[in-house]
Each structure stands twice: as C-alpha cells, then as structure tokens.
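*Asks:* Provided below for reference: sequence and predicted model.
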Amino acid sequence: MPRVRPKFVQGAGEACGGEYRHGFRLPRNGMGGNHASDKDAQLADESTLGMGEAHCERLERTGRSVKWPAPERHPTFAVGNVKPFEDEKMMEQLPGLDELTRMLQIPCPSGREQLMAAHLAKRLGDLGAEPRQDGQGNLWVDLPGREPGPGVAIASHTDEIAMVVCGIEADGTIRVQRSGGLYPFKLGEGPVVLVGEGEQVPAHLSFGSGHTSDPSDPVAQFNRGSKGITWEDCRLLTGLSSVELGARGVRVGTCAVPAASVRGPTIFGPDDDPLVSAWLFDNRGGSLTLLQLWSWLRNAGVTPRRTLHLCFLVQEESGLLGAKGWVRRNQVETFVAVDSTPMPRGSGLSLDGRPGIWSRDSQVHFDQGLIGDFAAAAGRAGTELQYAVYSAAASDATGVLQVGGAERCATIGYPRENSHGYEVVRWSVFRHLTNTLGEWVSSY
C-alpha cells in the first residue's frame, strides 16, 4: 500500500462510498461476522462521511434557519504530488480517514465551534439522525430506549486548543496568549489562521530571528538552553495594519489556530495497521467515533435499554463548560466522555490499537463498575482496554461529576502520543473503540 499525503483542492468531490461496511464488528444477533448484510451495506453506503453541499444549514432555534459557510477547501488524497488519490481499497482499510481530514480543515477554538457544529449537524442528518442544538451551542441526537427513565450520554467535545489575541500593534503585529493547554514549543513557527468575525485571516507565528547573540533576546536565551520560548516571546505577523485587521473582524479576543495546510493527516508505519499524525486529534477523534457509533448502532438495529444521547459539546478546553451546562438541562443516569488518552512518560500506554480508559484523572476517580462493564464489552468486541491514571488531565466526565450531573461517569478513548501537539494515533484504535462502545450500548 503506498504512502499517502493529503492534498487539498478547491471543490473536490465526495468521498468513496460504503466505508462503513468494512471492519466494524456487529453484535451476534444473526447478522454475524464482520461484514454486514446487503441491507446493512446499503445503509452503510447511505452513511458515507463526506462534506457534500457548499453550505451547512444551522439548526433552527428561534424559528428561522441561518446559513453557515462550509470550510473553503474540500480534501482529496494524493500519492506524492502526482494525482488525487482515489483508491477504494485504502478507504476500506482506513474507514473514516476522509471524514477526519475534512474535520481537520475546520477551525473550532473554544467558544467558536459554530463551523464544526454545522458540519456535524449536516453529517448526522446524512446518517438519518435528527440533531438538536441548545443555546450554548451543544449538539446532540437521541436514540430512544425501550424503558423510561434517565438515559445515557456518550459525548465528544467539539472545541480545540488555540491562541487568543491579547494585543494588536499599530503595524498589525499581534500578541497572543494560550486558550487551553497550548504551548509555543508544540506549534513552532509556521502559518496560522485568525478566526475573525466573518472571515479567516492568514498570519504567521514568529519567535524572532535566530541570528542573535544579544543576551537579553529570548531567542539567544533559548539557543543557550537557559530559557524556553514563552507566549510573551511570540508574535503573529499579518502584513496588515491594525485598521485593516479590524475591518476583517480581528480584535482582542479573536482566536488563532494552525493553518489547514499544515494540519495533516500524515500516514506512516506498517501498511496493514498504520500510524496517523495530525493537528489535532483532540477531539476530532472523539467526534469521528460518535459518527461511526451512530452508523454501527443503526446498521445493527440496536434499541438501547434507556434513551441514548450522542452529544457534541462545546468549551471542554476552557473549563468543561458545555458538559456542565448540558447535564443541568438534560437528566442522565450515566455520562461517558469519548476523548483522547494521553501517553505521558511512564504511563505504560501503547499505540497498539487498544482503546484506553481513565481510572483516575487529576481531580476525580471514575466509576469502577462502569470501567469493568467497558472491559467486558471490549472483550466481546475482540480487543482489550488499557488503563490510565493522570495527574494533569481532565475530561467532560470530570466536569459532570463535579456538578453532580450523573450518577456514573467514565472516560474512554484513543491513546495518542504528543498530546496537544502534532498528535499520533494507531488508526485501528477507532475501529476497536467504536466496536467496544457499540457492544456496551447493546448490553447496557
């Protein structure tokens, strides 16, 4: 299988069809094996994850609908720099890769998740779901259960870490701080985009010239190893004046993220089970998993015991705020965050395709009985879990426990190296994670 490099071209077509008929394990209910029936395959073809229309329609909240523009670029794949990559076999081997690539093109800093919400609402509608949205920006779909009573929420967050503008000089040079757990060394110098009010404005993250021996210069101090680069040492170069930036909707409080051209994904490692790197999986990987889970449950004909809510929540990176707000307005008995599983030194975690589950994070212990239920579901799905304990991590499930929003909470996800940077995952983990969640919902 050739190595693949993403290539982004204006107006590229839809993704290859039928990616959800391959690789996803179905419950033992007569459909059998790892391949779906003809009817299931037809459903899978209908659930192909692509962008589609040039505009995404916002969900109605106040009796009218508002158009949000879709991302400007639609991705396709290329082998080297020769021609677009259209190998259906690759799509079968790496289901969901095209959808991840599309999500990577959508900037979604905390508090500015509207474009991602519009994309996810469109995708959920394509999959036959009827998404709902609250005033906070949280998006979710319901799968009605057999029994009444408080249901189950499985949630991903839709925001990403970013830079936030804290000052604009007259010449258009911009000073920034972090939004969420972002550090300059994770970014390096490179192209970024300012998510302005109405348009995206290109810029470049700069640390300054490396040709200096001035002992007071932060770059010289960094070169000597006496000091790291801090946000005070960073500037965004825009080529525009402060007046021109203002006319384009850039102000103090505007956020910036790496440009789409440098986000990836990049595929490497063994052909049969490659590694994939990108900026950022956190938490596009969770949203991808929930889209795949909806297709899994639909194809398998699963009706959960209690109503299942698949949630796409805002502002996790800025205080777990979307989850805390959503559970105050929606009663659930169990809340499961689907998020990444960081791999700090000494954690014992591995990029081997097995999902990871959090036993304890920096603030709470998660429900150990629920963890045991997920371990049993993983076994039925043909995999096993890795267990994690953290001193510097939290998830939406942490916030739900803190506000008493659910009796039982857990965090399960995909191990990733280089957390909050150019993150690396084993692609097969998304298949194992989706299958595990599907088995758990089927037997809950």
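*Replies:* Arrived safely.
*Asks:* Just give the closest residue to residue 387, not the sequence neighbours.
*Replies:* In space, and not counting its chain neighbours, residue 387 is closest to residue 359: 5.3 Å by Cβ to Cβ, 6 or more residues apart in numbering. Just so you know, the C-beta spots here come from the backbone N, C-alpha and C atoms, and that holds for glycine as well.
*Asks:* Could you report the neighbour count for the one you found?
*Replies:* Neighbourhood size, residue 359 [other Cβ atoms under 10 Å]: 14.
*Asks:* And for residue 348?
*Replies:* 9.
*Asks:* cool, and the one 3 residues further on?
*Replies:* Residue 351: 17 surrounding residues under other Cβ under 10 Å.
*Asks:* Over to the one 4 residues further on?
*Replies:* One way to gauge burial is a neighbour count; for residue 355, by other Cβ under 10 Å, it gives 27.
*Asks:* Skipping adjacent residues, who's closest to it in space?
*Replies:* Residue 355 sits nearest to residue 433 (Cβ to Cβ, 6+ apart), 4.5 Å away.
*Asks:* Assign that neighbour to helix, strand or coil.
*Replies:* helix (DSSP: H, G, I helix; E, B strand; the rest coil).
*Asks:* what about residue 191, distance to residue 240?
*Replies:* 15 Å (Cβ to Cβ, to the nearest Å).
*Asks:* And residue 169, by the same measure?
*Replies:* 11 Å.
*Asks:* neighbour count winner among these two?
*Replies:* Shown here are residue 169 and residue 240; by other Cβ under 10 Å, residue 240 has more neighbours (21 against 12).
*Asks:* Test my guess that that one contacts residue 172.
*Replies:* Yes. Shown here, residue 240 and residue 172 form a contact pair, counting by Cβ atoms under 8 Å, at 4.5 Å.
*Asks:* Touching, the residue nearest to residue 355 and residue 354? I think so.
*Replies:* No. Applying Cβ under 8 Å, one finds residue 433 not in contact with residue 354, separated by 9.2 Å.
*Asks:* If you count surrounding residues, which of the two has more?
*Replies:* Neighbours were counted for residue 433 and for residue 354 using other Cβ under 10 Å; residue 433 has more, 29 against 22.
*Asks:* Now do the same contact list for the more buried one.
*Replies:* 289, 338, 355, 412-414 (Cβ atoms under 8 Å, 6 or more residues apart in numbering).
*Asks:* wait, which of the residues you listed is closest to residue 381?
*Replies:* Nearest to residue 381 among the contacts of residue 433: residue 355, at 9.2 Å, using Cβ to Cβ.
*Asks:* do you know how far the closest one is from residue 416?
*Replies:* For residue 355 relative to residue 416 (Cβ to Cβ), the value is 12 Å.
*Asks:* which residues do the two both contact?
*Replies:* In contact with both residue 355 and residue 416: residue 341, using Cβ under 8 Å, 6+ apart.
*Asks:* what about residue 228, is that helix, strand or coil?
*Replies:* Residue 228 ends up coil, using three-state DSSP.
*Asks:* Surely residue 424 and residue 343 touch.
*Replies:* No. Assessed by Cβ under 8 Å, residue 424 is found out of contact with residue 343, at 9.2 Å.
*Asks:* Quickly list what's touching both of the two.
*Replies:* In contact with both residue 424 and residue 343: 351, 416-417, using Cβ under 8 Å, 6+ apart.
*Asks:* Show me the helices in this structure, by range?
*Replies:* Along the chain, the segments classed as helices by DSSP state H run 38-46, 88-93, 97-104, 114-126, 184-187, 218-224, 242-247, 284-300, 321-329, 368-380, 396-402, 428-443.
*Asks:* pLDDT averaged over the shortest one - what is it?
*Replies:* Helix 184-187 shows a mean pLDDT of 93 in the predicted model.
*Asks:* Stretch 216-233 too?
*Replies:* 81.
*Asks:* Might you calculate how far that stretch sits from the centre of the chain?
*Replies:* Distance, stretch centre to chain centre, for stretch 216-233: 32 Å (Cα atoms, centre = their mean, to the nearest Å).
*Asks:* Tell me the buried residues in it?
*Replies:* 218-222, 229, 233 (16 or more other Cβ atoms under 10 Å).
*Asks:* Same check on stretch 318-330?
*Replies:* 318, 320-327, 330.
*Asks:* try stretch 356-375
*Replies:* In stretch 356-375, counting by 16+ other Cβ under 10 Å, buried: 356-358, 361, 364, 366-367, 370-371, 373-374.
*Asks:* for stretch 199-209, same thing?
*Replies:* 200-201, 203, 205, 207-208.
*Asks:* same deal with stretch 337-354?
*Replies:* For stretch 337-354, using 16+ other Cβ under 10 Å, the buried residues are 337-343, 347, 349, 351, 353-354.
*Asks:* send the alpha carbons of stretch 383-398 over as PDB?
*Replies:* This file holds the C-alpha atoms of stretch 383-398, laid out as PDB (Å, rounded to 0.1, in the frame of the first residue of the first chain):
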ATOM      1  CA  THR A 383     -10.000  -6.200  21.900                       C
ATOM      2  CA  GLU A 384      -9.000  -5.200  25.400                       C
ATOM      3  CA  LEU A 385      -8.600  -1.900  27.300                       C
ATOM      4  CA  GLN A 386      -5.500  -0.100  28.500                       C
ATOM      5  CA  TYR A 387      -5.900   1.700  31.900                       C
ATOM      6  CA  ALA A 388      -4.700   5.200  32.700                       C
ATOM      7  CA  VAL A 389      -4.200   7.300  35.800                       C
ATOM      8  CA  TYR A 390      -3.400  11.000  35.300                       C
ATOM      9  CA  SER A 391      -2.000  13.900  37.400                       C
ATOM     10  CA  ALA A 392      -2.600  16.600  34.800                       C
ATOM     11  CA  ALA A 393      -5.700  15.800  32.800                       C
ATOM     12  CA  ALA A 394      -9.500  16.200  32.900                       C
ATOM     13  CA  SER A 395     -12.400  15.400  30.600                       C
ATOM     14  CA  ASP A 396     -16.100  16.400  30.200                       C
ATOM     15  CA  ALA A 397     -16.900  13.400  32.500                       C
ATOM     16  CA  THR A 398     -14.800  15.100  35.200                       C
END
